[in-house]
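Undergrad: What would the 3D arrangement of this be:
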Amino acid sequence: MTKLKYTPEIRERAVQLLIESEKDYPSNWAAITAIAPKIGCTPETLRAWHQKHLDQQNPIKVQQISDQEKMKQMEREIKELKRANEILRKAAAFFAQAELDRPHK
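TA: Numbers count the residues shown, from 1 in each chain. This next block holds a predicted model:
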């Protein structure tokens with residue numbers, strides 16, 4: 001099954017359509033299942049987009065997401081620093097050994 005990519009504009013419009021149409025349906029899920037086929041996505045996809053939209057409106061969720069992104073960035077930086085440190089350690093060992101192997105006058 002091929003995974004379709006939807007542009008941010010399409011996702012945003014789909015969520016706005018859902019928000020505007022919710023009052024016309026007995027439940028949120030009923031609105032989702034009615035609107036999703038019109039957009040060409042699955043109800044679960046539309047539900048996830050809507051949930052993400054709601055999370056972005058919640059300051060606590062926004063802060064949690066921001067903190068999680070910062071942690072991921074810091075973890076990547078730590079990995080890079082460890083890799084660089086390992087390269088430097090090996091280079092230092094190589095040059096130290098080369099210096100010891102060099103004949104001295």
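Undergrad: Please enumerate the helices of the protein.
TA: Secondary structure of the chain (DSSP state H): helices located at 8-21, 28-39, 43-57, 59-101.
Undergrad: Packing partners of the last one?
TA: Using 3 or more C-beta pairs under 8 Å, 6 or more residues apart in numbering; DSSP states H and E as the contact criterion, the secondary-structure elements in contact with helix 59-101 are helix 43-57. Using the backbone N, CA and C atoms, a C-beta is placed for each residue, glycine as well.
Undergrad: returning to what we had before: format the helices of the chain as CSV; extra columns: mean pLDDT.
TA: Formatted as CSV, these follow (pLDDT from 0 to 100):
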stretch, mean pLDDT
helix 8-21, 94
helix 28-39, 94
helix 43-57, 92
helix 59-101, 88
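Undergrad: could the ones you listed be laid out in JSON lines, adding mean neighbour count?
TA: Below are those laid out as JSON lines (neighbours: other C-beta atoms under 10 Å):
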{"stretch": "helix 8-21", "mean neighbour count": "15"}
{"stretch": "helix 28-39", "mean neighbour count": "16"}
{"stretch": "helix 43-57", "mean neighbour count": "15"}
{"stretch": "helix 59-101", "mean neighbour count": "10"}
